[in-house]
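In: pasting a predicted model and its sequence here:
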Amino acid sequence: MWLKSVGKSIIFGVPIGVTFLDTVGYVARVEGISMQPVLNPESINTDYVFLSRWAVRDHDVRRGEVISLVSPKDPNQKIIKRVVGLQGDIVSTLGYKNQYVKIPEGHCWVEGDHTGHTLDSNTFGPISLGLVNAKALCIIWPPSRWQSLEAKLPKNRHPKVG
Amino acid sequence: MTFRFLGKTCGFMGYFVQYACFTHCTFEYIGDFVMCSGPSMEPTLESNNILLTEHISPRLQRLRRGDIIIAKSPSNPKQNICKRITGLAGDKVRGHFPSRSHVVPRGHVWLEGDNSSNSADSRIYGPVPEGLIRSRVICRVWPFDKITSLTEY
C-alpha cells in the first residue's frame, strides 16, 4: 500500500521538480580557473553558484553578466563565462584570427576573467545566443564567499558599441 | 462555504500544475509536435506539415548523416529551423558563399535543406554547434494522406 503511494508521489513529484529546475534555476559547481578571481579564487575550494534560467527566458543577456552556456565544442559540457560584446558590437580580440570582430546578429562574445587561462570566444569565435543556458546570479557556497555576481567589465575590455 | 471554495480552487490549481509540469517534461525530454513552414525542405516536407519529433537521440548524441532535425536558428534563438544533417564533425563539406571545401569542426554539424536552391543553411552561416539541435524528426503526422516515416535517408 505504501509502495503504491510512494510510486505515485515519484510519478507526480519528479516532473514538478524537473520543470522547476528547467524554468526557475538550479545550483551548479564551478570547476576550473577560467573565471578567477571572481569564482574559485583559490584552486583548492570550488564555488557553487545559483544559475537562473528565468533570467534568460527571452535570450536577453547584457554586457558584463556572467552566464553559463553549452560549449560549442562539446554539447555535453557547460561553461561559465562573462559576456563582453553583443550583436553589432566591435570587439578587439585577444589572440583570435582577426584583430577586430563585428559580432553577427544573434551572437555574443564571451570571455573568461582569467585572460590566458581560459577557453573562450578568443578560441572559438562569437557564440550563438541559443547556446546560452542560464545567468549566474550569486555564489551560495561556501558561506564565507556568499555574494551576488555583478555585471561588470574590465575597463580595457569595453567593446565599441554598434 | 468560503473554505470549501478555497479548498476546491487549491485542488484544481494543484492538478493544473501537475499536468503542466508533466506536459513540459514530455515536450522537453521525450518528444513533441512541430509545424514546419517555408520552402527549404521541399520536396520532402512542404509548408504546414506537422511532424512528430523526439528529443532523446540529440541528448545522447546519436545523430547520423541524413537525419532531419529541428534546431534553433544560429542567428535568431527564438526561431527554429528544420534541416537535414549532411555532415558530422570531421567530414569534408562544400561551402557555398566562400565556395571551397572545409572540415566540420568538433561538436558541430553541417545542415542543408533538401531544396538546395532555396534554403538558408550551413552553406550561408557555416557549421552549427550541436548544442543548438533540439530534436530529430521521426515522421509526418499531418496531412493524413501523407503520413510517412522520415528517419531514413
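Out: Structure received.

In: next, name the residue at the spatial heart of chain A.
Out: Against the mean C-alpha coordinate of chain A, by CA atoms, centre = their mean, the closest residue is A:Ser68 at 1.8 Å.

In: partners of that residue in the sheet?
Out: A:Ile80, A:Ala134 (DSSP bridges).

In: which residues of chain A fall in strands?
Out: Here chain A has its strands, by DSSP state E, at A:25-29, A:48-52, A:66-70, A:78-85, A:90-92, A:100-102, A:107-111, A:127-128, A:132-141, A:147-148.

In: for chain B, same thing?
Out: Along chain B, counting by DSSP E, strands occupy B:31-36, B:49-54, B:68-73, B:76-87, B:92-94, B:101-103, B:108-112, B:128-129, B:133-142, B:148-149.

In: any chance of CSV for those strands, columns distance to chain A and mean neighbour count?
Out: Every residue, glycine included, has its C-beta placed from N, CA and C. What follows is the strands of chain B, written out as CSV (distance: least, CB to the nearest CB, whole Å; neighbours: other CB atoms under 10 Å in any protein chain shown):
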stretch, distance to chain A, mean neighbour count
strand B:31-36, 14, 15
strand B:49-54, 17, 18
strand B:68-73, 4, 22
strand B:76-87, 4, 20
strand B:92-94, 17, 13
strand B:101-103, 14, 13
strand B:108-112, 7, 24
strand B:128-129, 4, 26
strand B:133-142, 8, 19
strand B:148-149, 26, 10
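
In: make CSV out of these and add mean pLDDT.
Out: Formatted as CSV, the strands of chain B follow (pLDDT from 0 to 100):
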stretch, mean pLDDT
strand B:31-36, 90
strand B:49-54, 91
strand B:68-73, 92
strand B:76-87, 90
strand B:92-94, 82
strand B:101-103, 82
strand B:108-112, 91
strand B:128-129, 92
strand B:133-142, 90
strand B:148-149, 84
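
In: around chain B, which positions in chain A sit nearby?
Out: Residues of chain A lying close to chain B (CB under 8 Å from any CB of the partner chain) are A:12, A:14-16, A:18-20, A:22-23, A:59, A:69-76, A:104-107, A:127-132.

In: just the buried ones out of these, please.
Out: A:12, A:15-16, A:18-19, A:69-73, A:75, A:106-107, A:127-132 (16 or more other CB atoms under 10 Å in any protein chain shown).

In: for the residue nearest to the centre of chain A, what are its contacts?
Out: By CB atoms under 8 Å, 6 or more residues apart in numbering or on different chains, the contact list for A:Ser68 reads A:28, A:51, A:78-80, A:132-136.
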